[in-house]
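Colleague: sequence unknown, structure follows:
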């Protein structure tokens, strides 16, 4: 029944019976098997059926005289699709390919492409059979071999079969020539050296230009053809490929570009962009216009004007076309307007059109718009800047593809004038961002701060906020950047100590509460132990800062939570400070490195404070770790104990002095100066270093 | 412009067709299918049809209960790929006559045959629906003649 329509479609061949008979011969067993699998109610049942069938198939493959190899292979392919192992059928594919029956051969080649890949040694067995097939009088045999070669051929296979492949270039049927050409594409991709072999001896690419132009022109002018028509456009696939070829041919070639001008303008004006197919063609056309040596002003102005005109005209209509209607126009407009030295007004208009698309409901359009805007932003920041609200709103889009683009764009938009606003948005977003974004995002925020922060104080607040929101996602260079920032800015010492004391105080109390609340540690503790608790990084930075500048705290009372109104100011004395550090050390979840930081901080503080009870407490705390199970802590405790001891005397004062300010640049911007666009490259550089 | 992989995935996450044009080790393939499937299936209908995944672009479209998923280079024209997906669906639709998922389950190898007439080495091979259908029909005719000959012999 399903095939009735087909029978009508292809009248030359009497296909109805063809499928009927084949189905009888080979399909019924396969169908029964698939039905059986589908009838399975549980996964265990399915596994059982598959295991039984796999065993049968394996046995049958061992028997060379078996008549049902084809249907067994078909079953095996289905088993493979379900995700079960099917490697034992690999050798059998070679046997099937060697068969003289067409349908076995066809299935064999299919199985070869599904079950094997280009790296398997088994492929060495194939070239001889494939050679025969490629030279076969039957086009379809030749085609099968070519498809296999094109899809999984490795360089050895291609080398072995190159003379047959060359013969196929001159085949009388276009069907074969097309396949052979694409095989050559793969051959050249695998091994660029063979390109000479398949290219004409003295390539005269210029001669191709008129051919390409003619072909494209005839596509534009051709009448409706049902087999190639897509939404009113004749063969958009071919048009796009031709445009790509013209891009290659016209790059840096004035004469060739001149030949293309007219046809490009034709594509730009005549293509109906309201459907996806047309949009795709237009998009390609503009890319071509951009890369060839077109008469820049005339060509681009033509296209620009037509695009802008079309956009305006369609402005109201877009609502009805929920498809990808204006997308490519957008691609074009913006790319064209920006690449030529267009009037600024046109540029603004183009960006405005983009923004209109961005505000629309269709997500494909919005994605492409954002994608383009991030290209635009490097060229013309101020125009895009005006629309930052819409872009920032996209950070809240439910669609991750759009969020990713919006984030890139937001970061690209940051500069000294809007840093406060955009970075605050990004920090807000950090709290609800997807886990995979967080590492990158924290880094971007900190780099943006480093470059454009309005004040050091603001920068400090922002980084502290980043660490407290996404502390476990940051890379090591962010805490070190923060430490560097604090130590290099003497005016911030007190403020940093206050803020970090407050942050540490809150984090520690939250943890104390959590420990007290979690009587059954399995519930809350299980997950935390696998990963660093989120505030670990912040804790370490805070402990360091308190060790360095904690002695400044008693000079001035401050609020623990500056955001809450009417919070009483607290005065933090030596006793409170040491008490907080003690609390952290004693918390069961505190990690050994953090404890080590705390011990160091305590030792430093011992030189700054003079109260006897405080000093005694510090000495006790450090002494307690002389027998700790962690060697690092034990060693530190013993050494610091010696420093604190009476015999150290003068030496101690020198040892626990404030750290000299390191003369370094920020670790975040050190690499970025070279290439600030690509974070991935930087990361890989860092790793390779 | 290159297609790196093509999957047909049902709404339940079952693979119906998987074709690779770029080499990955077997384990990697399974991982990619798993990850791409879960990414695509999790997306509500109104979101855009593009996903960025491991430096590639995944362009997908849902037709009834099936997702057609193409993995392409990140520089490719996304709209072109959407059109290509639709082209493949139209070929299947004409071949089976109002195609449904069951057709593709029971005749999965025919979906492969059609795909192999449409794409080769990750490039578009044939843009005419009629020629693709003709090629498939003629090959089936060869199979038919062969099997008739065989049955006479038997």
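Modeller: Right, received. Where do you want to start? Fair warning: this is a prediction, and the values are worked out from it, not measured in the lab.
Colleague: Excluding chain neighbours, what is closest to residue A:177?
Modeller: In space, residue A:177 comes closest to residue A:171 once its chain neighbours are excluded; the distance is 5.4 Å by CB to CB, 6 or more residues apart in numbering or on different chains. Any C-beta I mention is one placed from the backbone N, CA and C, and that applies to glycine too.
Colleague: quick one: secondary structure of residue B:69?
Modeller: Following DSSP: H, G, I helix; E, B strand; the rest coil, the label given to residue B:69 is strand.
Colleague: Near the residue nearest to residue A:177, how many other residues are there?
Modeller: Neighbourhood size, residue A:171 [other CB atoms under 10 Å in any protein chain shown]: 17.
Colleague: Can I take it that it is in a helix?
Modeller: No: read with three-state DSSP, residue A:171 is coil and lies in no helix.
Colleague: I'd say residue A:155 and residue A:190 touch.
Modeller: Yes: between residue A:155 and residue A:190 there is a contact under CB atoms under 8 Å: 4.7 Å.
Colleague: Compare those two (neighbour count), which wins?
Modeller: Neighbour tally, residue A:155 and residue A:190, criterion other CB under 10 Å: the higher count belongs to residue A:190, 19 against 15.
Colleague: got a list of what the more buried one touches?
Modeller: With CB atoms under 8 Å, 6 or more residues apart in numbering or on different chains as the criterion, the residues that contact residue A:190 are A:153, A:154, A:155, A:158.
Colleague: what's the farthest-apart pair in these?
Modeller: A:153 and A:155 (8.0 Å; CB to CB).
Colleague: what comes up buried for stretch A:68-81?
Modeller: A:69-81 (16 or more other CB atoms under 10 Å in any protein chain shown).
Colleague: How about the contacts made by residue 112?
Modeller: Using chain A. Residue A:112 makes contact with A:93, A:94, A:97, A:126, A:148, A:152 under the criterion CB under 8 Å, 6+ apart.
Colleague: actually it's chain B I care about, not the one you picked
Modeller: A:110, A:113, A:114, B:17, B:19.
Colleague: among those residues, which are in strands?
Modeller: Secondary structure defined by DSSP state E assigns B:17, B:19 of the contacts of residue B:112 to strands.
Colleague: mind putting the contacts of residue B:112 in TSV, pLDDT included?
Modeller: Putting the contacts of residue B:112 into TSV (pLDDT from 0 to 100) gives the following:
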residue	pLDDT
A:110	88
A:113	86
A:114	86
B:17	89
B:19	89
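Colleague: picking up where we left off before, distance check, the residue nearest to residue A:177 against chain B.
Modeller: Plainly put, residue A:171 is 15 Å away from chain B if you go by CB to the nearest CB, to the nearest Å.
Colleague: Need phi/psi at that residue.
Modeller: Main-chain torsions, residue A:171, degrees, to the nearest 10: phi -60, psi 150.
Colleague: Could you give me the buried positions within stretch A:164-175?
Modeller: The neighbour-count check on stretch A:164-175 (16+ other CB under 10 Å) flags A:164, A:165, A:168, A:171, A:175 as buried.
Colleague: May I see the buried residues of the helix ranked longest in chain A?
Modeller: Scanning chain A for the longest helix, with DSSP state H as the assignment, gives helix A:493-517. If you call a residue buried by 16+ other CB under 10 Å, then helix A:493-517 has these buried ones: A:493, A:495-505, A:507-508, A:511.
Colleague: Same check on stretch A:41-53?
Modeller: Buried residues in stretch A:41-53 (16+ other CB under 10 Å): A:46, A:50, A:53.
Colleague: List just the nearest of these to chain B.
Modeller: Within these, distances to chain B taken as CB to the nearest CB reach their minimum at residue A:46, with 11.2 Å.
Colleague: The closest one touches residue A:39, doesn't it?
Modeller: No: with contacts counted by CB under 8 Å, residue A:46 stays clear of residue A:39, the gap being 9.4 Å.
Colleague: and the lengthiest helix in chain B, what does it pack onto?
Modeller: Ranked by number of residues, the top helix in chain B under DSSP H is helix B:129-153. On a contact count with 3 or more CB pairs under 8 Å, 6 or more residues apart in numbering or on different chains; DSSP states H and E, helix B:129-153 meets helix A:4-9, helix A:15-22, helix A:102-115, helix A:139-152, helix B:78-96, helix B:108-118.
Colleague: What ranges in chain B fall below the confidence cut-off?
Modeller: Confidence mapping of chain B against pLDDT under 70 gives the ranges B:1, B:149-154.
Colleague: if you set the cut-off to 50 instead, what comes out?
Modeller: Scanning chain B for pLDDT under 50 picks out B:151-154.
Colleague: Show me how the record splits chain A into domains.
Modeller: Domain assignment for chain A by automatic domain parsing gives A:17-198, A:205-380, A:491-517+A:534-562+A:570-658.
Colleague: want to try a markdown table for these, with distance to residue A:470 as columns?
Modeller: Shown next, in a markdown table, are the domains of chain A (distance: least, CB to CB, whole Å):
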| stretch | distance to residue A:470 |
| --- | --- |
| domain A:17-198 | 36 |
| domain A:205-380 | 23 |
| domain A:491-517+A:534-562+A:570-658 | 7 |
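Colleague: how near is the nearest residue to residue A:30 once chain neighbours are set aside to residue B:115?
Modeller: Spatial nearest neighbour of residue A:30, chain neighbours left out: residue A:74 (4.8 Å); criterion: CB to CB, 6+ apart. Distance, residue A:74 to residue B:115, using CB to CB, to the nearest Å: 16 Å.
Colleague: Now residue A:208: which helix or strand?
Modeller: When elements are assigned from DSSP states H and E, residue A:208 belongs to helix A:208-221.
Colleague: Quick check: mean pLDDT of that helix?
Modeller: The pLDDT scores in helix A:208-221 average 81.
Colleague: Spatially nearest residue to residue A:388 (excluding sequence neighbours)?
Modeller: Counting by CB to CB, 6+ apart, residue A:388 lies nearest to residue A:413, which is 5.7 Å off, once chain neighbours are set aside.
Colleague: That neighbour: what's it in contact with?
Modeller: By CB under 8 Å, 6+ apart, the contact set of residue A:413 is A:377, A:381, A:384, A:385, A:388, A:391, A:422.
Colleague: Residue A:114 too?
Modeller: Applying CB under 8 Å, 6+ apart, we find residue A:114 in contact with A:77, A:80, B:18, B:19, B:112.
Colleague: Run through the residues that contact the spatially closest residue to residue A:97 that is not a sequence neighbour.
Modeller: Closest residue to residue A:97 apart from its sequence neighbours, by CB to CB, 6+ apart: residue A:108 at 3.9 Å. Contacts for residue A:108 (CB under 8 Å, 6+ apart) come out as A:73, A:93, A:94, A:95, A:96, A:97, A:98, A:99.
Colleague: ok, now residue A:664?
Modeller: Residues near residue A:664 by CB under 8 Å, 6+ apart: residue A:484.
Colleague: do residue A:482 as well
Modeller: By CB under 8 Å, 6+ apart, residue A:482 lies in contact with A:460, A:463, A:464, A:467, A:541.
Colleague: The host helix or strand of the third one vs helix A:493-517, what angle?
Modeller: Read that as residue A:464. Taking DSSP H and E as the definition, one finds residue A:464 inside helix A:456-470. For helix A:456-470 against helix A:493-517, the angle by axes from the mean of the first three to the mean of the last three CA atoms, to 10 degrees is 20 degrees.
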